[in-house]
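J.: I need the structure of the sequence given here:
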Amino acid sequence: MRPAASGPNSYTPDWDEPQKHNAQLASMQQAWWFPAVAPLKPGSSPKVLLAERSLPGSFMVDQSGRRFINESTDYMGFGQEILRREADGDPVGSMWLIFDQAYRDSYIFAGQCYPRMALPESWYKAGIAHKSSSIGQLAQKINVPAQVLEQTLEAFNEGAGTGVDDQFGRGESAYDRYYGDPTQQPNPNLRALDGKAYYAVKIVLSDLGTCGGVITDAHGRALGTSGEVIEGLYAQGNTAANIFGNVYPGAEPPLGRAWSSAPSSPPMQRRRPATWSPAPSLLRVRERLLRELGGVQLAVAPAQC
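T.: Reported below is the predicted structural model:
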């Protein structure tokens, strides 16, 4: 499953200039993946989901009618799992976010549906949203095996009742809990679905932009294929390779990198203090995270001054 559509603010750089100068590139198969509500029609934009899939009273299933992931995981890891399954010959097929009436009455959805508002009628007409009074009927509407979906609901509700997701560990990490509902205890990401009404919204894999790009030194200068500095060519943000490789450690790695490094061209050298050094605190944090994550390949080379 390749991304069904890019988000409205996604950005893909132009690689002609780096390639013309034989710049090193890394992580070019990666992006800031993002699960999203399916577009209403081909060519229209999806609606990205962040907290929605972490909130209690909901879970996600694939075309088999079974849960397949910790729904609250970070969005980049979510996309990587979808693509891993595709590469392994076990694609997820259609994805559906299942939730109950209490969920719909409590939370904003897709940035436009406020609590207790009905989902847009256009969603139902397009087949990307369904509602039913029973989980079996809902299964028929989204074309998954009814018995399997009923078993999935039963298993999910049993674990949610204890606050423990034995299958995928939803709610165990600080990241999961951050996007949960703190009023729901003992696990802010888990609540059994109440059965008053069931909804299904179709989910696709979208993206916010690329996270592969040019390998640079700590000053943001592009490096050639032999590791040499390419004079006059710089990369920051989403044009530079993710400093953490294929891992998502937290929000805004591209901006953090841009804020903490600086080109070493003569004009910049004149403006910065003589004691300037390339983001030692960020470099230390990066090294610690990479050690904890088992030694991910760095996308930034040591400083060359």
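
J.: only C-alpha atoms for contact and neighbour calcs from this point on.
T.: Noted.

J.: buried residues in stretch 228-242?
T.: V229, I230, L233, Y234, A235, Q236, G237, N238, T239, A240, A241, N242 (16 or more other Cα atoms under 10 Å).

J.: as CSV, these with pLDDT, distance to G89 and secondary structure would be great.
T.: Converted to CSV, the buried residues of stretch 228-242 look like this (pLDDT from 0 to 100; distance: Cα to Cα, whole Å; DSSP: H, G, I helix; E, B strand; the rest coil):
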residue, pLDDT, distance to G89, secondary structure
V229, 89, 41, strand
I230, 86, 41, strand
L233, 85, 40, strand
Y234, 82, 39, strand
A235, 81, 36, coil
Q236, 78, 35, coil
G237, 76, 33, helix
N238, 74, 30, helix
T239, 80, 31, helix
A240, 81, 31, strand
A241, 78, 28, coil
N242, 74, 27, coil
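
J.: dump the residues you listed to CSV, plus distance to L190.
T.: Output for these, formatted as CSV (distance: Cα to Cα, whole Å):
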residue, distance to L190
V229, 50
I230, 51
L233, 49
Y234, 45
A235, 42
Q236, 39
G237, 35
N238, 34
T239, 38
A240, 37
A241, 36
N242, 32
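
J.: any idea which of the residues you listed is closest to G161?
T.: G161 lies nearest to N242 out of the buried residues of stretch 228-242, by Cα to Cα, at 39.3 Å.

J.: state the distance from the closest one to G213.
T.: N242 sits 7 Å away from G213, taking Cα to Cα, to the nearest Å as the criterion.

J.: how about low-confidence regions in the stretch 1-150 of the chain?
T.: Scanning the stretch 1-150 of the chain for pLDDT under 70 picks out 1-15, 19.

J.: what about Q80, neighbour count?
T.: When neighbours are defined as other Cα atoms under 10 Å, Q80 has 18 of them.

J.: buried residues in the helix or strand hosting it?
T.: Per DSSP states H and E, Q80 falls inside helix 75-87. For helix 75-87, burial by neighbour count (16+ other Cα under 10 Å) applies to Y75, M76, G77, F78, G79, Q80, I82, L83.

J.: which of the buried residues of stretch 228-242 sits closest to V48?
T.: Nearest to V48 among the buried residues of stretch 228-242: N238, at 18.8 Å, using Cα to Cα.

J.: find the nearest non-adjacent residue to the closest one, please.
T.: In this structure, N238 finds its nearest non-sequential neighbour in C211, 5.5 Å apart by Cα to Cα, 6 or more residues apart in numbering.

J.: mind listing what V148 touches?
T.: By Cα atoms under 8 Å, 6 or more residues apart in numbering, the contact list for V148 reads S64, G65, R66.

J.: coming back round to it: between N242 and G213, which contacts overlap?
T.: Shared contacts of N242 and G213 (Cα under 8 Å, 6+ apart): S27.

J.: what's around S173, how many residues?
T.: 11.

J.: next, give phi and psi for L49.
T.: The phi/psi pair for L49 (degrees, to the nearest 10) reads phi -120, psi 130.
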